[in-house]
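Undergrad: sequence plus predicted model, see below.
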Amino acid sequence: MPQPWDYIAKIVSLGDSGCGKSSLTIRLCEGRFSPYHDVTIGVEFGSRIVPVGPPASHALRVNDPSTTNTDDGPPLGLPEPKPKVEKQKQKHMKLSIWDTAGQETYKSVTRSYFRAASGALLVFDITRRETFLSVTSWLNDLRQIAEDHVVVVLVGNKSDLAGSSMGTDGENRRQVRKEEADQWCKDNNVMCYVETSAKSGEGVESAFLQVAERIYQNIEAGMYDLNDRRSGVKGPKLGNNARTVNLGLNDRDGGKGAGNGCC
């Protein structure tokens, strides 16, 4: 039976404790929100298969030929020609999501899980400014340990507590402006900023799909050795041996997984 995915990528979720990293993983993998979650100790796991590349990527306006502009335009009096789109088989990527602990007590442990990560969600709480001030330190830790091409997206979680959907006291709890987060991404060479709400689900899939799509683009550009465990990305085969990997939220063999490579 063929694999339901073409690639598997290791994604780490990092940031201060209480930012909602585990809630984001549960929302993506299980489609639900739990208002109460035990503090993560070490690392927890989740997985989700997502489409990458065209035609699904067109929804993200990535590599979409319909957005390509021509210099000369159509001949006078003729309708705009529709771009020719070759029919392509949809590719899929299995995201192996490693949800790391944010407490300082566990930092020495969780840093080891950054190794061989191909993508990362750097999460902060938009209602707690101190968690935003910490993301630079988290990013430095990640880049010291992960591979050079690690794809990073900054995620401002708990957007349901800001803007038009405010707290019960009617006060806007936002402490970090979107423009400020966007500028931080530019200053630190981070791909983009996405605001999410694990409670409502808003922006959650977009955050993970942005990471997956950029990793796919890097695969297409030949930036990874799919037979090298350190790359954080694998195809359905390693050399001539088929390899099947299944990671779920109930898996707890963190030490064994870390020793065996990315996923």
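TA: That came through fine.
Undergrad: okay, CA-based contacts and neighbour counts for the rest of this
TA: Fine.
Undergrad: burial count for Ala59?
TA: Residues near Ala59, counting by other CA atoms under 10 Å, number 10.
Undergrad: buried set for the longest helix along the chain?
TA: Of all segments of type helix in the chain, defined using DSSP state H, the longest is helix 204-220. Residues Val204, Ala207, Phe208, Leu209, Gln210, Val211, Ala212, Glu213, Arg214, Ile215, Tyr216, Ile219 are the ones in helix 204-220 that count as buried (16 or more other CA atoms under 10 Å).
Undergrad: got it, and stretch 180-200?
TA: Residues of stretch 180-200 classed as buried by neighbour count (16+ other CA under 10 Å): 181-182, 184-185, 190, 192-199.
Undergrad: after the longest helix of the chain comes which helix or strand?
TA: The C-terminal neighbour of helix 204-220 among helices and strands, as given by DSSP states H and E, is strand 233-234.
Undergrad: sheet partners, orientation included, of that following strand?
TA: Here strand 233-234 has these sheet partners by DSSP bridges: strand 7-14 (antiparallel).
Undergrad: so which elements touch the next helix or strand after the strand it pairs with?
TA: Once the chain leaves strand 7-14, the next helix or strand it forms, by DSSP H and E, is helix 21-30. Here helix 21-30 touches strand 43-52, strand 91-100, helix 204-220, going by 3 or more CA pairs under 8 Å, 6 or more residues apart in numbering; DSSP states H and E.
Undergrad: could you give the angle of helix 21-30 to strand 7-14?
TA: Inter-element angle recorded for helix 21-30 and strand 7-14: 150 degrees (by axes from the mean of the first three to the mean of the last three CA atoms, to 10 degrees).
Undergrad: not counting residues beside it along the chain, what's closest to Arg129?
TA: Distance criterion CA to CA, 6 or more residues apart in numbering; nearest residue to Arg129, sequence neighbours excluded, is Gln175 at 5.5 Å.
Undergrad: was I right to think the one you found contacts Arg128?
TA: Yes: counting by CA atoms under 8 Å, Gln175 touches Arg128, with 6.2 Å between them.
Undergrad: can you show me the strands along the stretch 151-263 of the chain?
TA: Secondary structure of the stretch 151-263 of the chain (DSSP state E, counting those that start in this stretch): strands at 151-157, 192-195, 233-234, 237-238, 241-242.
Undergrad: pick the most deeply packed of the ones you listed.
TA: strand 233-234 (a mean of 27; mean count of other CA atoms under 10 Å).
Undergrad: what's Ser134 in contact with, if anything?
TA: The contact partners of Ser134, taken as CA atoms under 8 Å, 6 or more residues apart in numbering, are Gly15, Asp16.
Undergrad: please report how far it lies from Asp182.
TA: 16 Å (CA to CA, to the nearest Å).
Undergrad: before we move on, what about Leu24?
TA: 20 Å.
Undergrad: also Glu147?
TA: As for Glu147, its distance to Asp182 is 24 Å (criterion: CA to CA).
Undergrad: same check, this time on Ala221
TA: Counting by CA to CA, the gap from Ala221 to Asp182 is 26 Å.
Undergrad: just to revisit the earlier point, can you put the buried residues of helix 204-220 in CSV and add pLDDT and distance to Ala56?
TA: Formatted as CSV, the buried residues of helix 204-220 follow (pLDDT from 0 to 100; distance: CA to CA, whole Å):
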residue, pLDDT, distance to Ala56
Val204, 96, 17
Ala207, 96, 15
Phe208, 96, 14
Leu209, 95, 10
Gln210, 95, 12
Val211, 97, 14
Ala212, 97, 12
Glu213, 96, 10
Arg214, 96, 13
Ile215, 96, 15
Tyr216, 96, 12
Ile219, 94, 17
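Undergrad: which of these sit farthest apart?
TA: Val204 and Ile219 (23.2 Å; CA to CA).
Undergrad: surely Leu226 meets Glu220?
TA: No: using CA under 8 Å, Leu226 is not in contact with Glu220; the gap is 11.4 Å.
Undergrad: the longest helix of the chain packs against which elements?
TA: On a contact count with 3+ CA pairs under 8 Å, 6+ apart, helix 204-220 meets helix 21-30, strand 43-52, strand 119-125, strand 151-157.
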